[in-house]
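K.L.:
How does the following fold in three dimensions:
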Amino acid sequence: MVIERGTHIVKTDPSAEVVETLACSIGARSQSARTYLERNLDQFPTANVEQLVEYALLALRDTLPAEDSLSKKNTTIAIVGKGTPFKVMEDDDVQPFLDRIAGVPRTGQQIGGEQQGTAEPMQL
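P.N.:
Numbers count the residues shown, from 1 in each chain. Presented below is the predicted three-dimensional model:
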């Protein structure tokens with residue numbers, strides 16, 4: 001939704017609850033991504049598009065089991081914004097973003113060195 005104040009993310013659910021949010025995660029194991037996004041929320045207003053994509057990828061990576069990782073084959077990035085046409089990046093276009101986050105340690109909750117849960121990764 002685009003209003004005079006800028007672009008907004010609006011989340012709805014079957015009970016008809018409508019919530020305006022700055023960052024959102026959905027799907028199985030989305031809580032770890034949501035926690036990561038909430039911890040970094042104050043960085044978003046000054047971040048550029050590339051930095052926002054990196055935040056999203058780090059949040060998404062935290063939903064994966066410890067033995068899995070993001071790759072150009074299992075990651076697609078979509079960007080949309082006011083004055084920015086919708087753009088989808090896949091394969092080789094995604095790799096530079098993955099390279100930039102490669103050295104950042106995982107921040108997900110781990111027990112005994114392993115990521116909790118066995119559910120499928122979430123969509124962001």
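K.L.:
Out of the helices and strands in this protein, which is least certain?
P.N.:
Counting by mean pLDDT, DSSP states H and E, the weakest-scoring helix or strand in the chain turns out to be strand 110-111, with a mean of 30.
K.L.:
which regions of this structure sit below the pLDDT cut-off?
P.N.:
By pLDDT under 70, the low-scoring segments of the chain are 1-7, 108-124.
K.L.:
Let me see the ranges of the strands in this protein.
P.N.:
2-3, 6-7, 9-12, 18-21, 77-81, 84-89, 110-111, 114-115 (DSSP state E).
K.L.:
and stretch 65-84, which residues are buried?
P.N.:
Residues of stretch 65-84 classed as buried: 65, 70, 72, 75, 77 (neighbour count, 16 or more other C-beta atoms under 10 Å). (C-beta placed from N, C-alpha, C; glycine too.)
K.L.:
And stretch 46-60, by the same measure?
P.N.:
53, 54, 55, 56, 57, 58, 59, 60.
K.L.:
so what's the third one up against?
P.N.:
By that I understand residue 55. Contact analysis of residue 55 by C-beta atoms under 8 Å, 6 or more residues apart in numbering lists 36, 37, 40, 43, 44, 47.
K.L.:
any idea how far residue 100 lies from residue 33?
P.N.:
18 Å (C-beta to C-beta, to the nearest Å).
K.L.:
Same check on residue 88?
P.N.:
Distance from residue 88 to residue 33, by C-beta to C-beta: 20 Å.
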